[in-house]
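S.K.: Make a model of this:
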Amino acid sequence: MLSYNFARTPYAAQDEKAREQEWPIVSTVILLTQAIGVSAFTAKNIDEVVARIRFLELLRGKMIYGGVTGKDMQVPESIIRSLVGLTTNVPTETRAHFQKRIADAWFRDALARSRPTQGGR
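M.R.: Numbering: from 1, shown residues only. Predicted coordinates for the structure are as follows:
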């Protein structure tokens with residue numbers, strides 16, 4: 001089960017109304033820590049965090065549905081950066097391991113799609 005703590009982030013320092021407005025996106029970013037293989041957001045690794053999220057968006061599409069506009073949108077970089085100080089129990093992956101895991105998943109998807117379907121097709 002994913003656990004997290006954002007008490008020491010700029011996001012947590014905002015007033016309650018601002019936090020409530022951003023929570024749907026923040027909760028998505030917290031869930032994305034599992035996909036990007038990053039356990040903590042620090043000043044040292046935040047550029048890597050942003051790059052990994054953007055990489056996934058390029059591969060899978062935008063992660064946020066804009067209810068007002070009805071269009072999908074990128075995770076706002078300002079919100080990602082406001083989470084410096086976030087910690088989770090996600091195992092940290094090197095960039096090479098992250099890239100290999102994502103490439104392997106894409107290859108498995110391509111392989112599954114290339115197999116003939118049952119029923120003589």
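S.K.: Give me the most central residue, the chain.
M.R.: When C-alpha atoms, centre = their mean is applied to the chain, the residue found nearest the centroid is Leu32 (2.9 Å).
S.K.: Now the residue nearest to that residue when sequence neighbours are not counted: which helix or strand?
M.R.: Excluding the flanking residues, the one nearest Leu32 by C-beta to C-beta, 6 or more residues apart in numbering is Ile53, at 6.1 Å. Every C-beta, even on glycine, is put in place using the N, C-alpha and C of the backbone. When elements are assigned from DSSP states H and E, Ile53 belongs to helix 46-60.
S.K.: pLDDT averaged over that helix, what's the number?
M.R.: The pLDDT scores in helix 46-60 average 95.
S.K.: same for that helix, what does it pack against?
M.R.: Using 3 or more C-beta pairs under 8 Å, 6 or more residues apart in numbering; DSSP states H and E, the elements in contact with helix 46-60 are helix 16-36, helix 77-81, helix 95-114.
S.K.: Give the buried residues for the helix or strand that that helix is followed by.
M.R.: Following helix 46-60 in sequence order, the next helix or strand is strand 64-66 (DSSP H and E). Of all the residues in strand 64-66, those buried under the rule 16 or more other C-beta atoms under 10 Å are Ile64.
S.K.: Give the pairing partners of the helix or strand that comes right after strand 64-66; include direction for each.
M.R.: Per DSSP H and E, strand 64-66 leads on to strand 71-73 as the next helix or strand towards the C-terminus. Using DSSP bridges, strand 71-73 pairs in its sheet with strand 64-66 (antiparallel).
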